[in-house]
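>>> got a predicted structure plus its sequence, pasted below:
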Amino acid sequence: MKTKRNYVIDFDSTFTQVEALDILGEISLSGNSKRDQLLADLKSLTDRGMEGGLSLRESIQERLDLLQAEKSHLEPLIEALKGKVSPSFVRNEDFFKENKDYIYIISNGFKEFIVPIVSQYGIKEENVFANSFIFDDEGKIVGFDKDNVLSSNNGKVEQLKALELQGDVYVIGDGYTDYEIKAAGLANKFYAFTENVFRDKVTAKADHITPSLDEFLYLHKMNKAISYPKNRIKVLLLENVHEDAVAIMKKE
């Protein structure tokens, strides 16, 4: 009998090319005179949290304090994120639809913007595990549900324990919290996803560095969108190649 495969996938900088709270900041702080500095502070907090240099709750709370966001900002955020899904995920939409019963989005982000994005790819809402915002009576985001295990350090580990998944478990993500699942013995392998961001501290812990979803699917003989991952193709550039051509090749 074929062993069941479960796929645990991160959201920010993995499913999407960006960190959603950074984009939310661009929206919520659009009229703030200190916008540029606040956005730089926001990104710094995000990076420190992803690399394990700041406790998760501190990272979340400090970012929410900077955001000054409201419920009305979520709709434009979701619209922006729809255009920021990682290209290799868009290419391999069939993978998500065909494996929807075994794909789990486990994120330290927020359900309010994650579910509308991943549901477009056939992922079940009940398979999405993430934090939730707390709003005040005026619709301002004032905090998050601290009873949710994903709001605290090692939350992804605790969440996966609670799921009690049967069969093989493969984790795909860009952050240290994704590696922690493998470190806890709850996954067969951790794949550091580097299509959008390369974190040295994370890739050093990975079983495999995957620069795109194509690479992951190729390794598991599941690739359909393309026959061979571009990152595995070696190109020899001869003399007098136009600089624009070189730039395009590097981008590809």
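Sure thing, it's come through. Numbers count the residues shown, from 1 in each chain.
>>> any stretches of the stretch 151-252 of the chain with poor pLDDT?
Along the stretch 151-252 of the chain, the model assigns pLDDT under 70 to residues 224-242, 244-252.
>>> where do the helices sit along it?
Applying DSSP state H, counting those that start in this stretch to the stretch 151-252 of the chain gives helices spanning 155-163, 176-183, 200-203, 213-219, 243-251.
>>> please apply the same query to the stretch 1-150 of the chain.
20-28, 35-50, 56-67, 74-82, 87-91, 93-98, 111-118.
>>> I'd like the helices of the stretch 151-252 of the chain as CSV, with mean neighbour count appended.
(Each C-beta comes from the backbone N, C-alpha and C, glycine too.) Listed next are the helices of the stretch 151-252 of the chain as CSV, based on neighbours: other CB atoms under 10 Å:
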stretch, mean neighbour count
helix 155-163, 18
helix 176-183, 22
helix 200-203, 15
helix 213-219, 22
helix 243-251, 9
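>>> let me know which of these is the nearest to Gly25.
Proximity to Gly25 (CB to CB) singles out helix 176-183 among these, at 20.7 Å.
>>> other SSEs contacting that closest one?
Here helix 176-183 touches helix 155-163, strand 168-173, strand 189-193, helix 200-203, going by 3 or more CB pairs under 8 Å, 6 or more residues apart in numbering; DSSP states H and E.
>>> now the longest one and helix 176-183, what's the angle there?
With axes from the mean of the first three to the mean of the last three CA atoms, to 10 degrees as the criterion, the two stretches helix 155-163 and helix 176-183 enclose an angle of 40 degrees.
>>> now the helices and strands packed on helix 176-183 in CSV, with distance to Gln61?
Shown next, in CSV, are these (distance: least, CB to CB, whole Å):
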stretch, distance to Gln61
helix 155-163, 14
strand 168-173, 22
strand 189-193, 26
helix 200-203, 23
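>>> any chance of the helices of the stretch 151-252 of the chain in TSV, with distance to Arg48 too?
Below are the helices of the stretch 151-252 of the chain laid out as TSV (distance: least, CB to CB, whole Å):
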stretch	distance to Arg48
helix 155-163	17
helix 176-183	10
helix 200-203	11
helix 213-219	27
helix 243-251	29
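>>> closest one to Asp12 among those helices?
With CB to CB as the criterion, Asp12 lies closest to helix 176-183 of the helices of the stretch 151-252 of the chain, at 10.6 Å.
>>> show me what the longest strand anywhere in the chain is in contact with.
With secondary structure taken from DSSP state E, the chain has its longest strand at strand 103-110. Outside strand 103-110, the residues that touch it by CB atoms under 8 Å, 6 or more residues apart in numbering are 6-12, 15, 20-21, 49, 56, 60, 96, 114, 118, 123, 127-133, 144, 150-151, 155-156, 159-160, 163, 165, 175, 177, 181.
>>> and if we set it to 6 Å?
With contacts defined as CB atoms under 6 Å, 6 or more residues apart in numbering, strand 103-110 is touched by 7-12, 20, 114, 118, 123, 127-131, 133, 150, 156, 159.
>>> CA atoms only for it, dumped as CSV, please.
Taking Å, rounded to 0.1, in the frame of the first residue of the first chain, the C-alpha atoms of strand 103-110 are listed here in CSV:
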residue,chain,number,x,y,z
ILE,A,103,-2.3,20.0,2.1
TYR,A,104,-2.2,22.0,5.3
ILE,A,105,-1.4,25.7,5.5
ILE,A,106,0.2,26.3,8.9
SER,A,107,1.2,29.9,9.4
ASN,A,108,1.9,32.5,12.1
GLY,A,109,0.1,34.9,9.9
PHE,A,110,-3.7,35.5,10.1
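>>> check Gly139 and give its pLDDT.
According to the prediction, Gly139 has pLDDT 96.
>>> check the one 5 residues further on too.
We have a pLDDT of 96 for Phe144.
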